[in-house]
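Participant: sequence and predicted structure below; questions after.
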Amino acid sequence: MSVSKTSWTNSLRVYLEPASLRMLSLGFSAGLPLLLVLGTLSFWLREAGIDRTTIGYLSWVGLAYAFKWLWAPLVDRLPIPLLTRLLGRRRSWLLLSQAAIMLGLVAMSFNDPQVALLPVVWGALAVAFGSATQDIALDAFRIESADADRQAALAATYQTGYRLAMIWAGAGALWLAARAETAGAVGYQHGAWHSAYLVMAASMLPGVLTVLLSHEPLQRSQPETKNALDWLRGALVEPFADFLTRYRWQAVLILALIATYRISDVVMGIMANPFYVDMGYSKDEVAAVTKVFGVIMTLVGAFIGGVLAMRLGVMRVLMLGAVLSAASNLLFAVLSTHGHDLNGLIFVISADNLSSGIASAAFIAYLSSLTNVNYSATQYALFSSMMLLLPKFLAGYSGRYVDAFGYANFFVATAMLGVPVLLLVWLTSRQNRPLALME
């Protein structure tokens, strides 16, 4: 497998290009909502006394991300009245979805799950739907903003912003909630979470500003449509037919890899925050460890993943990321036997963020390499939806599994889910028709 030789200086300089810096900010906007309707929300719900089984089922809110391919053709082709004429196709959808996210977070902040859980769920659904729509438009915006040889770098800066936002939405939200608690009061306080989620809503504003200040990517020519049937064919059928035509029987193997690559991380992640609560870690402890060590290791992992993908090829880094992701779950299993162990928490969170940063940067570049730029939004939405569908579905039962078998067995089981991924990466890399960015 040949790999183009690019100097280390040029490999690193690409991170300072305007397109990469835009991806840093927009990646932050993309990463912010995810934990606020999944991980951080599960911490909030567990502290409010919601049982683990219910928390697990509520993680199915995240299935909005897995079914975004259903409306991706609309985002790819449908103009928004007035807004598209002013901003362009990609930026108009980005702005609309960001507004939906902010409104959903504000709605969540004003409802107490201990009093009425359903309004919080509806707010979370609004955030998830807006976030999934933002992902569709943003993935297309990223793919159309640079040539193929820059996609790994854009993926790395996007992932850095994404992971930083997840740390802010995780550690930052916990830290804000802890600061907003009434001094001397003991136990759950809704007012603290109300303040934290309002700040999270305001944290979407840098992404909004980036969209307004960015240039619309060069418009790709679209075939003229004479009627609704032609439009539906171009929007719904052709993107999927194009992928199957290009990869034929290899498409099955590729889609299987996409569907399972992040399964260990996603299934485990739903129970991570309830685990911290049940192990006796305070919001301040979890926030401090994640904020300091999580940030450092996320940055290191994302940049290592991006640079190694350009130097060594994406498939080698995909294999490394798959091994590290499964191994980090085993560390959680060990930690569960130690009780409240702050040093152990530091080590495990550091290892988990490093492995996730490496795996995600390579995986995003891999998905980007599969798309045809003429159908970038729809095809990328299909890939990223498949990435989440099976893991999110299984994650819904994570609370029941923990209640039945305990945390240690749960973390070991999620690590074992990653074993078939190693075989799929190897089989995909052995195909006779290497994909762009693999070499």
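Facilitator: Great, that's in hand.
Participant: and the helices in the stretch 251-400 of the chain?
Facilitator: 263-269, 272-278, 283-289, 295-312, 314-336, 342-370, 376-395, 398-405 (DSSP state H, counting those that start in this stretch).
Participant: which residues sit against the last one?
Facilitator: In this case it means helix 398-405. The contact list for helix 398-405 (CB atoms under 8 Å, 6 or more residues apart in numbering) reads 51-57, 59, 267-268, 270-271, 274, 409-410, 413. Just so you know, the C-beta spots here come from the backbone N, C-alpha and C atoms, and that holds for glycine as well.
Participant: what of the first one?
Facilitator: Outside of helix 263-269, the residues within contact range by CB under 8 Å, 6+ apart are 38-39, 325-326, 329, 332, 356, 359, 388, 390-392, 394-395, 398, 410-411, 414-415, 417-418, 421.
Participant: residue 238 touches residue 375, doesn't it?
Facilitator: Yes - if you go by CB atoms under 8 Å, residue 238 and residue 375 touch, sitting 6.8 Å apart.
Participant: comparing those two, which residue is more hemmed in?
Facilitator: With neighbours defined as other CB atoms under 10 Å, residue 238 and residue 375 compare such that residue 375 has more, 25 against 18.
Participant: grab the nearest non-local neighbour of the more buried one.
Facilitator: Nearest residue to residue 375, sequence neighbours excluded (CB to CB, 6 or more residues apart in numbering): residue 239, at 3.6 Å.
Participant: pretty sure that neighbour contacts residue 379?
Facilitator: Yes - counting by CB under 8 Å, residue 379 is a contact partner of residue 239 at 5.2 Å.
Participant: who touches both of these two?
Facilitator: Counting by CB under 8 Å, 6+ apart, the residues touching both residue 239 and residue 379 are residue 372.
Participant: so which of the contacts of helix 398-405 wins on neighbours?
Facilitator: Once you tally neighbours by other CB under 10 Å, residue 270 ends up highest among the contacts of helix 398-405, having 29 neighbours.
Participant: which residues are in contact with that residue?
Facilitator: 38, 39, 42, 55, 56, 59, 395, 398, 399.
Participant: the residue nearest to residue 375 and residue 80: what is the separation?
Facilitator: From residue 239 over to residue 80 the distance is 20 Å, taken as CB to CB, to the nearest Å.
Participant: same thing with residue 179?
Facilitator: Computed as CB to CB, the residue 179 to residue 80 distance reads 38 Å.
Participant: of these two, which one has the most company?
Facilitator: residue 80 (16 against 13).
Participant: now name the helix or strand holding that one.
Facilitator: If you go by DSSP states H and E, residue 80 is not part of any helix or strand.
Participant: then the one 10 residues further on?
Facilitator: In this structure, residue 90 is located in helix 89-109 according to DSSP H and E.
Participant: just how off-centre is that helix within its chain?
Facilitator: 17 Å (CA atoms, centre = their mean, to the nearest Å).
Participant: ok, now stretch 264-281?
Facilitator: 17 Å.
Participant: same deal with stretch 192-212?
Facilitator: For stretch 192-212, the distance to the chain centre is 18 Å (CA atoms, centre = their mean).
Participant: that one: end-to-end distance?
Facilitator: 32 Å (CA to CA, to the nearest Å).
Participant: what mean pLDDT does that stretch get?
Facilitator: The pLDDT scores in stretch 192-212 average 94.
Participant: and that stretch, what's buried?
Facilitator: Neighbour-count burial for stretch 192-212 flags 192-201, 203-204, 206-208, 210-211 (criterion: 16 or more other CB atoms under 10 Å).
Participant: so which of these sit within strands?
Facilitator: The strands in this structure, assigned by DSSP state E, contain none of the buried residues of stretch 192-212.
Participant: filter the residues you listed down to the ones in helices?
Facilitator: In helices, defined here by DSSP state H, the members of the buried residues of stretch 192-212 are 192-201, 206-208, 210-211.
Participant: which one of the residues you listed is nearest residue 73?
Facilitator: The nearest member of those to residue 73, counting by CB to CB, is residue 211 at 21.4 Å.
Participant: let me see the contact set for that closest one.
Facilitator: Per CB under 8 Å, 6+ apart, neighbours of residue 211: 26, 87, 91, 94, 95, 98.
Participant: residues contacting the residue nearest to residue 375?
Facilitator: 73, 76, 372, 375, 378, 379, 382.
Participant: what's the answer for residue 93, then?
Facilitator: Listed by CB under 8 Å, 6+ apart, the contact partners of residue 93 are 75, 80, 133, 134, 136, 137.
Participant: just the buried residues of the residues you listed.
Facilitator: For those, buried by 16+ other CB under 10 Å: 75, 80, 133, 134, 136, 137.
Participant: okay, those residues in CSV with distance to residue 286 and pLDDT next?
Facilitator: Output for these, formatted as CSV (distance: CB to CB, whole Å; pLDDT from 0 to 100):
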residue, distance to residue 286, pLDDT
75, 35, 84
80, 40, 89
133, 30, 93
134, 27, 93
136, 31, 86
137, 32, 88
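Participant: of these, which is the nearest to residue 173?
Facilitator: Among the buried ones among the contacts of residue 93, and counting by CB to CB, the member closest to residue 173 is residue 134, at 18.9 Å.
Participant: quick check: that closest one touching residue 32?
Facilitator: No - using CB under 8 Å, residue 134 is not in contact with residue 32; the gap is 9.8 Å.
Participant: overlap in contacts, these two.
Facilitator: residue 101.
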